[in-house]
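In: build the 3D model from these lines:
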Amino acid sequence: MAPVLRLDSVSLAFGSRPLLEQASLQVEPGERVCIVGRNGEGKSSLMRLVGGETLPDAGAVWIRPGARVAHLPQDIVSVAGESVREVVAGGLPEVARLLAAYHATSAAYARSHSEADGEKLGRLMSALDAAQGWQIEQRVDTVLSHLGLDGEVAYESLSGGWRRRALLGRALVCEPDLLLLDEPTNHLDIEAIEWLEQFLLGFGGALLFVSHDRRFVNTLATRVIDLDRGHLSSWPGNYDAYVQKKAEQLANEAKENALFDKKLAQEEVWIRKGVEARRTRNEGRVRALKAMREERRDRRDRVGSLNAGVQEAAVSGKLVFEAEDVDVSYGDRTVIRGFSGRVLRGDRIGIVGPNGAGKSTLIKLLLGELEPSAGKVTRGTKLEVAYFDQQRATLDLDATVMDNVTDRTDYVCVNGENLHVSGYLRNFLFRPDQLKTPASALSGGERNRLLLAKLFAQPANLLVLDEPTNDLDIDTLELLQELVADFSGTLLLVSHDRAFLDSVVTNLFVLDGTGRVQDFVGGYSDWAIWRDARHAAAQRGASIPAAKPVPAPAPVLPAAQPAKRKLSFKEQRELATLTTRMEEIEAEKAELDRRIAEPTFYAQDHATVSAELSRVATLDAELDAALARWVELEG
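Out: Next comes the predicted model:
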């Protein structure tokens with residue numbers, strides 16, 4: 001079968017900066033291809049190019065004739081005055097227009113019964129028949145059902161996560177052969193991300209997507225495309241396989257560049273001798289030197305990596321926070337209900353839960369920015385807080401990059417040492433020419449890096465990060481992860497990045513959306529295993545039907561009853577012991593289920609956890625076999 005997409009020697013530039021240089025790419029039907037690269041490399045521009053929204057400066061973008069392409073952009077679009085159903089149907093614009101006109105005319109005709117409305121309704125019905133509009137409406141209903149969307153609610157009334165789901169529905173309703181997703185996990189909570197993973201694993205078309213969520217990429221990608229300094233390279237396998245091979249490639253590239261630069265320096269020394277060079281008339285060597293100079297001038301060096309560290313303040317008191325039976329309410333809605341918990345010095349707490357469950361509210365409550373409606377919060381002594389707010393409220397967008405970090409001076413004091421602001425900001429990948437740039441002109445990823453630079457310029461023993469990974473590329477995210485992991489103070493982290501949580505936290509505060517906050521020992525993967533085991537245990541319990549009264553059977557003649565075989569002595573003894581054995585199995589299994597349901601269960605070593613989970617499966621099999629034998633002997 002022909003590929004769905006092919007890029008042939010495509011070049012694209014904005015101003016003097018090339019984003020793509022002679023880039024080629026091919027995507028086959030059924031492939032799930034992830035594009036990775038640093039912020040600003042041109043990933044979104046590439047997606048717009050494939051979607052037909054922009055044209056290349058050179059080369060060709062080929063889409064298989066007749067193939068349907070749908071694009072979910074990175075930013076959530078605003079659609080005023082439309083219902084969710086209308087937004088989803090917008091993926092088929094012409095049919096959507098006919099359907100909207102049909103429903104409006106049908107309502108008008110029901111009121112007026114006018115001949116003009118009746119004629120218009122007939123014309124619309126004929127047009128819908130020709131465009132298979134009735135099947136399209138059924139397809140919209142199917143998509144709404146699969147995505148769990150209410151088609152009648154106003155799109156503008158939805159949260160960011162549900163709007164993204166509606167826009168995904170709009171992309172899917174045309175049943176695309178090629179689905180383009182640019183950062184699809186933005187604005188989604190962990191539950192929605194896990195749902196999206198499973199949904200896309202069942203998608204039948206080709207998928208080309210951009211994502212900074214490493215676990216999402218690992219789950220979905222069958223191939224990784226690396227966009228690096230204008231060139232595309234293909235790496236089969238998932239993200240982990242790509243990271244290993246890419247590191248080897250960069251190491252080889254650095255070695256080759258070092259050898260090239262050494263030879264270039266030697267040739268520059270030779271040419272500067274002047275007289276000797278002219279005497280020997282080695283024109284070939286002179287031409288080779290000029291070519292080397294050109295090659296070095298054209299070489300695009302890889303942008304450096306974020307290089308920073310948290311300034312650690314004096315040690316805080318042992319108690320950092322303690323909440324006692326706390327409620328937080330907004331009007332009639334209780335966001336946090338009956339929360340009691342304690343954070344001690346050195347604890348590393350992750351805060352997770354659905355969007356709108358109150359994660360940021362819990363942070364503000366602990367920090368004292370919000371007073372509880374009931375209960376009490378005690379805060380420890382000697383706290384030096386560095387707070388990363390997901391709204392970036394502490395950034396002055398009218399001030400320059402430099403003035404946001406310094407107090408309108410040229411130096412930053414880091415660990416008792418005065419550093420020039422240019423050198424300090426270079427550690428956060430800001431070029432010298434950006435120092436005077438207003439913060440309002442920065443991209444989302446650059447604003448996050450600027451906020452990190454401002455944050456890490458102050459000493460802290462309590463690090464509070466509210467969704468710090470938004471808009472960061474994977475490389476910067478991994479470096480931030482290492483930096484946070486090395487911080488020896490107390491950490492409070494709100495994040496939907498599961499890999500980030502697993503790497504840096506040891507405890508979770510889990511909000512379930514009803515106001516309840518559960519304190520769990522372990523990382524996100526431990527919590528997910530415990531949650532799934534609890535759900536499975538609940539389903540096993542629910543699958544056992546309650547006893548129902550059985551109506552008395554109609555009397556029958558004794559001769560009509562089938563004769564029963566008399567049990568042997570051995571079978572009688574087996575039947576007598578089976579009931580006792582089943583009771584023992586059920587008692588042991590109930591005790592195991594109780595232990596597994598405890599939050600501390602997964603804090604044990606891996607061998608103990610695996611052994612107990614295996615024992616549950618063994619007991620289930622033994623109970624089924626015993627029950628089947630009991631039924632056989634009783635019969």
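In: can you show me the helices along the stretch 351-500 of the chain?
Out: 359-367, 401-405, 421-426, 444-456, 474-486, 498-504 (DSSP state H, counting those that start in this stretch).
In: closest one to R333 among the ones you listed?
Out: R333 lies closest, by C-beta to C-beta, to one member of those: helix 359-367, at 11.0 Å. To be clear about C-beta, it is placed using only N, CA and C from the backbone, and glycine gets the same treatment.
In: quick revisit: how about the helices of the stretch 351-500 of the chain, which one is nearest V414?
Out: helix 421-426 (6.8 Å).
In: mean pLDDT, mean neighbour count and distance to D466 added to the helices of the stretch 351-500 of the chain, as TSV?
Out: As requested, the helices of the stretch 351-500 of the chain are arranged in TSV below (pLDDT from 0 to 100; neighbours: other C-beta atoms under 10 Å; distance: least, C-beta to C-beta, whole Å):
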stretch	mean pLDDT	mean neighbour count	distance to D466
helix 359-367	91	21	6
helix 401-405	86	22	18
helix 421-426	84	18	23
helix 444-456	81	22	11
helix 474-486	81	18	13
helix 498-504	90	21	13
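In: for these, give me JSON lines that also has distance to L208.
Out: Shown next, in JSON lines, are those (distance: least, C-beta to C-beta, whole Å):
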{"stretch": "helix 359-367", "distance to L208": "32"}
{"stretch": "helix 401-405", "distance to L208": "34"}
{"stretch": "helix 421-426", "distance to L208": "34"}
{"stretch": "helix 444-456", "distance to L208": "21"}
{"stretch": "helix 474-486", "distance to L208": "17"}
{"stretch": "helix 498-504", "distance to L208": "22"}
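In: what's the closest of the ones you listed to V27?
Out: Smallest distance to V27 across those (C-beta to C-beta): 20.8 Å, for helix 474-486.
In: elements contacting the closest one?
Out: helix 444-456, helix 498-504 (3 or more C-beta pairs under 8 Å, 6 or more residues apart in numbering; DSSP states H and E).
In: now with 10 Å, please.
Out: Using 3 or more C-beta pairs under 10 Å, 6 or more residues apart in numbering; DSSP states H and E, the elements in contact with helix 474-486 are helix 214-220, helix 239-272, helix 444-456, strand 462-466, strand 490-494, helix 498-504.
In: would you single out the least confident of these?
Out: For the helices and strands packed on helix 474-486, mean pLDDT drops lowest on helix 239-272, to a mean of 76.
In: which elements pack onto it?
Out: So helix 239-272, by 3+ C-beta pairs under 10 Å, 6+ apart, packs with strand 32-36, helix 214-220, strand 223-228, strand 231-236, helix 275-280, helix 283-298, helix 474-486.
In: so who does L149 touch?
Out: Going by C-beta atoms under 10 Å, 6 or more residues apart in numbering, L149 touches 84-85, 87-88, 143, 155, 158, 162, 165-166, 168-169.
In: and E324, how far is that from D512?
Out: 20 Å (C-beta to C-beta, to the nearest Å).
In: neighbour count winner among the two?
Out: Using other C-beta atoms under 10 Å as the criterion, E324 and D512 rank with E324 on top: 14 against 11.
In: go ahead and confirm R594 touches V616.
Out: No. R594 is beyond contact range of V616, at 11.4 Å (criterion: C-beta atoms under 10 Å).
In: that older thread, can you tell me which of the helices and strands packed on helix 239-272 is nearest to L179?
Out: L179 lies closest, by C-beta to C-beta, to one member of the helices and strands packed on helix 239-272: strand 32-36, at 9.5 Å.
In: who does the closest one touch, helix- and strand-wise?
Out: In this structure, strand 32-36 packs against strand 17-27, helix 43-50, strand 178-182, strand 206-210, helix 214-220, strand 223-228, strand 231-236, helix 239-272, with contacts taken as 3+ C-beta pairs under 10 Å, 6+ apart.
In: and the last one, how far from the chain's centre?
Out: Its chain's C-alpha centre and that of helix 239-272 lie 34 Å apart, by C-alpha atoms, centre = their mean, to the nearest Å.
In: and stretch 458-478, C-alpha only, in PDB?
Out: Only the C-alpha atoms of stretch 458-478 are listed here, as PDB (Å, rounded to 0.1, in the frame of the first residue of the first chain):
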ATOM      1  CA  GLN A 458      16.600  32.800  45.500                       C
ATOM      2  CA  PRO A 459      17.600  30.400  48.400                       C
ATOM      3  CA  ALA A 460      14.900  27.900  49.400                       C
ATOM      4  CA  ASN A 461      14.400  24.900  51.600                       C
ATOM      5  CA  LEU A 462      10.800  24.400  50.400                       C
ATOM      6  CA  LEU A 463      10.300  23.900  46.600                       C
ATOM      7  CA  VAL A 464       6.700  24.200  45.400                       C
ATOM      8  CA  LEU A 465       6.200  23.400  41.700                       C
ATOM      9  CA  ASP A 466       2.700  23.700  40.200                       C
ATOM     10  CA  GLU A 467       2.700  22.100  36.700                       C
ATOM     11  CA  PRO A 468       6.300  23.100  36.000                       C
ATOM     12  CA  THR A 469       6.600  20.800  32.900                       C
ATOM     13  CA  ASN A 470       4.000  22.600  30.700                       C
ATOM     14  CA  ASP A 471       5.500  23.800  27.400                       C
ATOM     15  CA  LEU A 472       9.000  22.400  28.200                       C
ATOM     16  CA  ASP A 473      10.700  20.300  25.600                       C
ATOM     17  CA  ILE A 474      11.700  16.800  26.700                       C
ATOM     18  CA  ASP A 475      15.500  17.600  27.000                       C
ATOM     19  CA  THR A 476      14.800  20.500  29.300                       C
ATOM     20  CA  LEU A 477      12.200  18.500  31.200                       C
ATOM     21  CA  GLU A 478      14.700  15.700  31.900                       C
END
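In: which parts of that stretch are buried?
Out: For stretch 458-478, burial by neighbour count (16 or more other C-beta atoms under 10 Å) applies to 458-478.
In: for stretch 143-157, same thing?
Out: So for stretch 143-157, counting by 16+ other C-beta under 10 Å, buried means 143-144, 147, 149, 151, 155.
In: re the thing from before, in TSV, list the helices and strands packed on strand 32-36 along with mean neighbour count.
Out: Converted to TSV, these look like this (neighbours: other C-beta atoms under 10 Å):
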stretch	mean neighbour count
strand 17-27	18
helix 43-50	21
strand 178-182	23
strand 206-210	23
helix 214-220	21
strand 223-228	20
strand 231-236	15
helix 239-272	13
